[in-house]
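Enquirer: My questions concern the predicted model and sequence given below.
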Amino acid sequence: RGLKRNKKNFGVYPAMSGESDDKVSTGIPGGPSPGTEAKQKTSEEIANEFKEEGNTFLKGRQLVEAIESYTKGIAACDTPHIRGPILGNRSQAYRRVGKLDAALADAEEAMRIYPTYARGHVRKAYVLKEKGDWAAVEKAIKTALELNLEFKGGDADKMKSLLQKAIAQQEAQRLELETKKKLDFVMEKLLGKWNGAVPPELGGGSQELDFKSETKVILTVPARQMPARLKLDVMKSPMWLDITIPIPAQPRPIEHKMPHLFEFSEDYNELHLMGPPDQGLQPGVELSRPTRIDRESKSYVKMTRGSAKPTDEELEIQQAVDELKGKNDEEKMLKYCQMMAQKLSNAVQKDGFKFEQPQPHWPEQEIKDKYTSMLKMSQYIFILEKYFGQMLATNVSSMVKRLPGATVPTGALKEAVDELRVNMIAAGMHKDVAPQAPAANEAEDPSKSGPAFEGHLFSDGAQETKESKSNSSSGMSSVSLVLIGALSATAIMGVAYYLFGGSSKKRGSK
């Protein structure tokens, strides 16, 4: 009765005379059931039972529980060949929960107390991999392989594969550091403004590249200024320089990439650019990169450090604007209209100038002359807008086109606006009709977009008004050079490569 009562009250039988407490409930996995006698378990057996329990948790992704079981197993036994593998397993669990320092400490302790434990080296290598220390990974694996340890399962193949990856990653890191170092040096020399001459065939004058960062450059070329994306590869020889510009189109701009080669002069005051040799260039169509810098090619341009020097026309416009300082807007608009009207009138009367799309059946020289004359006129209008200001130019445009809400000019300004309108009509810049929205199915290709002057803030139509507002907000000219049609993208870049007569020909060849 007493035994039964004790069982009922306490759940275990009391120890009999001469028995050890170790023979009753042990509190370890797989311990004896209450009321049964069992042989006392060794510390190694207890440690292994905790190890198996931890392995079960690890397979079930119960990582916290696995770590707790391994910790109990490690505490239960000091025998190296038992404790070492449990440390290795806990290292794996720590690595999986992101405790890399603890994982590394367990792997190294396992290797210290049990030097022939091959998997300890595996655990260490994978922890170092997680840390991104590829040099240490390589050293750890090579040390393990030199010891001729007996790897189990696929561990040997895993170690060799990881060794190859460690070597490859170190080479990639070395190349990355070398590239960054060289890129920093190149950008130190490249940042700022560079200028180069534009051939007479493209309207003359100059172009300017203002390098802002390794990803951004601002182009100022005949009749256009725009931001562009920049991509450099300084590890090539010669180095690569790609400029990507947005070509206005519907329903969205066309991304046009122009691949170049470049190199500096010995004193870093000259920049030698070699553009694509392609003929029949189309906006958005991939261009081939030149294979070398040929300084006799028409695709080559030399740029010098600093801002472009103003042309005589630019100096004349700048002087006119300086003389208007302190004057009101009406006087400035009057001067703007007079200068633009005079330029158009001279061109129309002297050369029969007109903005129009060249026709395929025209003689080659006539097509070249047409592009050149349109570029020159666009450049002049761009300079006017640059110095008089975008807002003033937009106001004059609204008056010329008699847009709703536009200021109604009076007196001398009205006469100047009327004269400008007449000359713009003669030059193909204005139809003197109410603006019309573009058709819904209008082609995306700028080469198929309406009249030659479409896209300029003075042209007719609703779309260019939208574009001029967008350009106005960014402080850029709205002269879009869509007037150049299919060759607009290459004309925008100007002397970066030569458009006419085949860029692969030598200068002076026929």
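Expert: Sure thing, it's come through. Quick caveat, the model's predicted, so the values are computed rather than measured.
Enquirer: drop to CA atoms for contacts and neighbour counts, all remaining ones
Expert: Will do.
Enquirer: how far is stretch 407-426 from where the chain is centred?
Expert: Taking the mean of its C-alpha atoms, stretch 407-426 sits 46 Å from the chain's own mean (C-alpha atoms, centre = their mean, to the nearest Å).
Enquirer: What's the first helix or strand after the helix or strand containing L163?
Expert: Assigned by DSSP states H and E, L163 belongs to helix 155-190. Tracing the chain past helix 155-190, the next element assigned as helix or strand by DSSP H and E is strand 192-197.
Enquirer: mean confidence score for that following strand?
Expert: Strand 192-197 shows an average pLDDT of 91 in the prediction.
Enquirer: State whether Q207 is indeed within a strand.
Expert: Yes. Applying DSSP: H, G, I helix; E, B strand; the rest coil, one finds Q207 inside a strand.
Enquirer: Can you show me the helices along the stretch 251-400 of the chain?
Expert: 312-323, 329-351, 364-388, 390-401 (DSSP state H, counting those that start in this stretch).
Enquirer: so which of those comes closest to A135?
Expert: Among the helices of the stretch 251-400 of the chain, the nearest to A135 by C-alpha to C-alpha is helix 364-388 (56.9 Å).
Enquirer: re earlier: which strands and helices lie in contact with the helix holding L163?
Expert: helix 118-131, helix 134-146 (3 or more C-alpha pairs under 8 Å, 6 or more residues apart in numbering; DSSP states H and E).
Enquirer: returning to what we had before: looking at the helices of the stretch 251-400 of the chain, which has the lowest confidence?
Expert: helix 364-388 (a mean of 86).
Enquirer: Tell me which residues of that helix come out buried.
Expert: Neighbour-count burial for helix 364-388, with 16 or more other C-alpha atoms under 10 Å as criterion, is recorded at 367-368, 370-388.
Enquirer: and it, how far out from the chain's middle?
Expert: Put simply, helix 364-388 sits 33 Å off its chain's centre (C-alpha atoms, centre = their mean).
Enquirer: Check stretch 240-258 too.
Expert: 14 Å.
Enquirer: Show me which positions of it end up buried.
Expert: The neighbour-count check on stretch 240-258 (16+ other C-alpha under 10 Å) flags 240-250, 254-258 as buried.
Enquirer: got it, and stretch 128-145?
Expert: Applying 16+ other C-alpha under 10 Å to stretch 128-145 flags 128-129, 131, 134, 136-138, 140-141, 144-145 as buried.
Enquirer: got it, and stretch 104-114?
Expert: Here stretch 104-114 shows 104-111, 114 as buried, counting by 16+ other C-alpha under 10 Å.
Enquirer: Excluding chain neighbours, what is closest to the residue positioned nearest the centre of the chain?
Expert: Compute the mean C-alpha point of the chain, and by C-alpha atoms, centre = their mean the closest residue is T215, 6.7 Å away. Among residues not flanking T215 along the chain, L230 sits closest, at 4.4 Å (C-alpha to C-alpha, 6 or more residues apart in numbering).
Enquirer: What is the subsequent helix or strand relative to the one helix or strand the one you found maps to?
Expert: Applying DSSP H and E as the criterion places L230 in strand 224-233. Using DSSP H and E, the helix or strand that directly follows strand 224-233 along the chain is strand 239-247.
Enquirer: quick check: mean pLDDT across that next one?
Expert: Across strand 239-247, the average pLDDT comes to 91.
Enquirer: counting contacts, what elements does that strand pack onto?
Expert: strand 224-233, strand 254-264.
Enquirer: Quick check: neighbours of the last one in the sheet, parallel or antiparallel?
Expert: Listed by DSSP bridges, the sheet partners of strand 254-264 and their directions read strand 239-247 (antiparallel), strand 270-274 (antiparallel).
Enquirer: Can I get those in CSV including distance to T410?
Expert: As requested, the strands paired with strand 254-264 are exported to CSV (distance: least, C-alpha to C-alpha, whole Å):
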stretch, distance to T410
strand 239-247, 38
strand 270-274, 51
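Enquirer: closest to G405 out of those strands?
Expert: Closest among the strands paired with strand 254-264, using C-alpha to C-alpha: strand 239-247, at 29.7 Å.
Enquirer: Could you list the alpha-carbon positions for stretch 242-260 in PDB?
Expert: Output of stretch 242-260 as PDB, limited to C-alpha atoms (Å, rounded to 0.1, in the frame of the first residue of the first chain):
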ATOM      1  CA  ASP A 242      28.600  55.100 -74.600                       C
ATOM      2  CA  ILE A 243      26.200  58.000 -74.800                       C
ATOM      3  CA  THR A 244      22.500  57.300 -74.800                       C
ATOM      4  CA  ILE A 245      20.000  60.100 -75.700                       C
ATOM      5  CA  PRO A 246      16.200  60.200 -75.900                       C
ATOM      6  CA  ILE A 247      14.800  60.900 -79.300                       C
ATOM      7  CA  PRO A 248      11.400  62.500 -79.200                       C
ATOM      8  CA  ALA A 249       8.700  60.100 -80.400                       C
ATOM      9  CA  GLN A 250       5.300  58.900 -79.700                       C
ATOM     10  CA  PRO A 251       4.100  57.200 -77.500                       C
ATOM     11  CA  ARG A 252       7.500  57.500 -75.700                       C
ATOM     12  CA  PRO A 253      11.000  58.600 -76.600                       C
ATOM     13  CA  ILE A 254      13.300  56.300 -78.400                       C
ATOM     14  CA  GLU A 255      16.500  55.400 -76.500                       C
ATOM     15  CA  HIS A 256      19.400  55.900 -78.900                       C
ATOM     16  CA  LYS A 257      22.800  54.600 -77.900                       C
ATOM     17  CA  MET A 258      26.000  55.800 -79.600                       C
ATOM     18  CA  PRO A 259      29.100  53.600 -78.900                       C
ATOM     19  CA  HIS A 260      32.500  55.300 -79.000                       C
END
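Enquirer: Can you give the distance of it from its chain's centre?
Expert: Worked out by C-alpha atoms, centre = their mean, stretch 242-260 lies 15 Å from the chain centre.
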